[in-house]
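K.L.:
the sequence isn't on hand, but the structure is:
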């Protein structure tokens, strides 16, 4: 009986891994969204895999697109006013915090609650992936042209020039999305 169950476990793990990836990427991006909304950021685009929601001309537009380079995106524009550095750090930490919290909850749920074996496997796999996703995103590196959340967070904490460029770019994006003409942009040049 145990030998017959082994292949089934691997099939469950494989299927649950893909479902867990989708769920955890969504949880990660939702963490950015929640902190962004708390601090007055405005949503421009929300993407999970090939599913995309964009604001265009004041309306939400849903699209199915070919994804290149990353599994999710929560593009938000900071408010016009200057934000304290800690709010920017919390915004970029939102996804990591939500992954670490949800991973812990999934694993504790699998460990503590009486549930069918397949549900426990799903919770363990999804929880483990959430923890790995949160930890990897906290590591400062650049993949392609995309900095990880950790690269941005550590740059803000350590006051690296990269962080200053990022904050300036967010200000420019905010002005452009608010309708300021390119010739009227307020740019702080070094």
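P.N.:
Cool, got the structure. Keep in mind that what you see is a predicted model, and the values were worked out from it rather than measured.

K.L.:
from here on, just use CA atoms for contacts and neighbour counts.
P.N.:
OK.

K.L.:
closest to the centroid, which residue in this structure?
P.N.:
residue 29 (3.2 Å; CA atoms, centre = their mean).

K.L.:
helices along the protein, start to end?
P.N.:
2-38, 85-112, 117-138, 149-157, 161-177 (DSSP state H).

K.L.:
pLDDT (mean, whole number) over the last one?
P.N.:
Mean pLDDT, taken over the full extent of helix 161-177, equals 72.

K.L.:
same question for the third one.
P.N.:
Along helix 117-138, the predicted local confidence has a mean pLDDT of 92.

K.L.:
for the chain, which spans come out with low pLDDT?
P.N.:
The model of the chain has pLDDT under 70 over residues 1-6, 67-70, 170-171, 173-180, 186-190.

K.L.:
check contacts around residue 94.
P.N.:
28, 31, 32, 33, 34, 35 (CA atoms under 8 Å, 6 or more residues apart in numbering).

K.L.:
once you drop chain neighbours, what's closest to residue 124?
P.N.:
Closest residue to residue 124 apart from its sequence neighbours, by CA to CA, 6 or more residues apart in numbering: residue 107 at 5.2 Å.

K.L.:
what about the one you found, how many neighbours?
P.N.:
21 (other CA atoms under 10 Å).

K.L.:
so how far is residue 105 from the closest residue to residue 16 other than its chain neighbours?
P.N.:
Spatially, and ignoring its direct neighbours in sequence, residue 16 is nearest to residue 122 (5.6 Å; CA to CA, 6+ apart). Separation of residue 122 from residue 105 (CA to CA, to the nearest Å): 12 Å.
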